[in-house]
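> Got a predicted model here, sequence first, then my questions.
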Amino acid sequence: MAQSNQALKVALAAVEQLPANLQRQLAEQVLSTVASDDLLIVRLQRLTQAEQSRLQTLMDKNNDGLLTRAERLELERLGKKADEIMLGNSKLLALATRPDLFDEDGSPIKERFRAALKSPIKKLNRKPKAGQR
């Protein structure tokens, strides 16, 4: 047991020396080899830390009415990129959790989405009110 813990510490120390992109790639490979049917892995996208920081700065300046024309264009570009990322992440999560709503090519099936939206959402861990089941 102690030998296993030591090997794990050595491996983790080696991983910490890798660049972030290789750490992510390694994590994906490890997870895919040990993944079971009850494990769902979805890789979501996000703005880089620098983009997120810049977006916040531009939004603050916009709220104060202090944006230049160039900054307004940059804010629009970053906002559009954030929206595209959010839409892509939403599709990935929907596809991963409700594959029945998509065709073989990964395109949403509108009729199935409409039906899913109309069906009642089951409340978890809620007891029915008196007289209800």
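Cool, got the structure.

> Could you check how far the lengthiest helix in the chain is from the centre of its chain?
Selection of the longest helix in the chain by residue count, based on DSSP state H, yields helix 69-97. With C-alpha atoms, centre = their mean, to the nearest Å as the basis, helix 69-97 stands 12 Å off its chain's centre.

> Need the residues that contact the strand or helix carrying Thr57.
For Thr57, the host element (DSSP states H and E) is helix 49-63. Residues lying outside helix 49-63 but in contact with it, judged by C-beta atoms under 8 Å, 6 or more residues apart in numbering, are 46-47, 67, 71-72, 74-75, 78-79, 81-82. In short, each C-beta sits where N, CA and C put it, glycine included.

> three-state assignment of the closest residue to Gln23 other than its chain neighbours?
Nearest in space to Gln23, with sequence neighbours left out and distances taken as C-beta to C-beta, 6 or more residues apart in numbering, is Val15 at 6.0 Å. Under the three-state scheme (DSSP: H, G, I helix; E, B strand; the rest coil), Val15 adopts helix.

> What's the local residue count around Val15?
13 (other C-beta atoms under 10 Å).

> And the pLDDT at it?
On the pLDDT scale, Val15 is placed at 92.

> can you check the one 5 residues further on too?
If you check Ala20, the pLDDT there is 89.

> same thing with Thr33?
Note for Thr33: predicted pLDDT of 80.

> do the same with Gln132
pLDDT for Gln132: 49.

> so what does the worst-scoring helix or strand of the chain on mean pLDDT touch, helix or strand wise?
One helix or strand of the chain scores below all others by mean pLDDT, DSSP states H and E: helix 20-34, with a mean of 85. Here helix 20-34 touches helix 2-16, going by 3 or more C-beta pairs under 8 Å, 6 or more residues apart in numbering; DSSP states H and E.
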